[in-house]
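S.K.: I'd like to go over a predicted model; first the sequence, then the structure.
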Amino acid sequence: MPKINGNEIRPGNVLEHDGHLWVAVKVDHVKPGKGGAFAQVEMKNLRNGSKLNERFRSADKVERVRLDQKDQQFLYETDGMLVFMDTETYEQVELPADLLGERRPFLQDGMTIHIEFYESEALNATLPQKVTCKIAETEPVVKGQTAANSFKPAILDNGVKVMVPPFVGQDELIVVNTETMEYAERA
């Protein structure tokens, strides 16, 4: 595994530190008036979710880990575990449902998502950036209100509340950005 200097750590880097795998969440480069510069790194443990704040000087060497990404198909959820299948080898892998957090409702049957592996251990899952959803409930379309840049609340078929433009009605399909959890466009 490649070693990098402490000042080369960037958000999103996966590091091996104290025998655990960590992802750098936030990195601040500090140059105090006295003493050498350092990077203040906020890290999250990939296995148990605990957080750690650590200082790395530019002379410190840290292991940067490359994760393998594979596309996997979502099959079903059982006992708080999500089951995915590799479409080439048909091997199944389980990940905890709380790994996706508030984006969990956007996971649909048969959806293909990216799973990151370290050696043969599945660590992380990423949903597609845009997902098509159906509006279950919203206020009716009011004629003449399209000129104003206002949004109205809507509840999707998966139970998530989003703000939509006034011209979008009930039972319409819309595209939602899973990163910002906002309306993107009509489907």
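M.R.: Perfect, I can see it now.
S.K.: alpha carbons only for contacts and neighbour counts from here, please
M.R.: Noted.
S.K.: any idea what the residue nearest the centre of the chain is bridged to?
M.R.: Geometric centre of the chain, nearest residue: T126, 5.1 Å, by C-alpha atoms, centre = their mean. T126 has these beta-bridge partners by DSSP bridges: H114.
S.K.: thought F117 was touching it, still the case?
M.R.: No - between T126 and F117 there is no contact under C-alpha atoms under 8 Å: 11.9 Å.
S.K.: gap between the two ends of stretch 76-83?
M.R.: One end of stretch 76-83 sits 5 Å from the other (C-alpha to C-alpha, to the nearest Å).
S.K.: what's the answer for stretch 162-176, then?
M.R.: OK, stretch 162-176 end separation, C-alpha to C-alpha: 9 Å.
S.K.: contacts for that stretch?
M.R.: If you take C-alpha atoms under 8 Å, 6 or more residues apart in numbering as the criterion, stretch 162-176 is touched by 130-142, 145-146, 149-156, 181-187.
S.K.: please repeat the previous calculation with a cut-off of 7 Å.
M.R.: Applying C-alpha atoms under 7 Å, 6 or more residues apart in numbering, the contact partners of stretch 162-176 are 130-138, 140-141, 145-146, 150-155, 182-187.
S.K.: just the buried residues of it, please?
M.R.: Within stretch 162-176, the residues that qualify as buried are V162, V164, P165, P166, V168, G169, Q170, L173, I174, V175, V176, counting by 16 or more other C-alpha atoms under 10 Å.
S.K.: quick one on the thing from earlier: what pLDDT does the residue nearest to the centre of the chain get?
M.R.: T126 is assigned a predicted lDDT (pLDDT) of 84.
S.K.: looking at it, it is touching I113, isn't it?
M.R.: Yes - counting by C-alpha atoms under 7 Å, T126 touches I113, with 6.0 Å between them.
S.K.: avg pLDDT for stretch 133-140?
M.R.: Per-residue scores along stretch 133-140 average to 90.
S.K.: how about it: buried residues?
M.R.: By 16+ other C-alpha under 10 Å, the buried positions in stretch 133-140 come out as C133, K134, I135, A136, E137, T138.
S.K.: might one say that the fourth one is in contact with V160?
M.R.: Same thing as A136. No - if you go by C-alpha under 7 Å, A136 and V160 don't touch, sitting 9.9 Å apart.
S.K.: and the least confident helix or strand in the chain by mean pLDDT, what does it pack against?
M.R.: In the chain, the helix or strand scored least confidently by mean pLDDT, DSSP states H and E is strand 121-126, which has a mean of 83. Using 3 or more C-alpha pairs under 7 Å, 6 or more residues apart in numbering; DSSP states H and E as the contact test, the elements touching strand 121-126 are strand 112-118.
S.K.: hmm, 8 Å instead?
M.R.: strand 92-96, strand 112-118 (3 or more C-alpha pairs under 8 Å, 6 or more residues apart in numbering; DSSP states H and E).
S.K.: fine, thanks again, bye for now.
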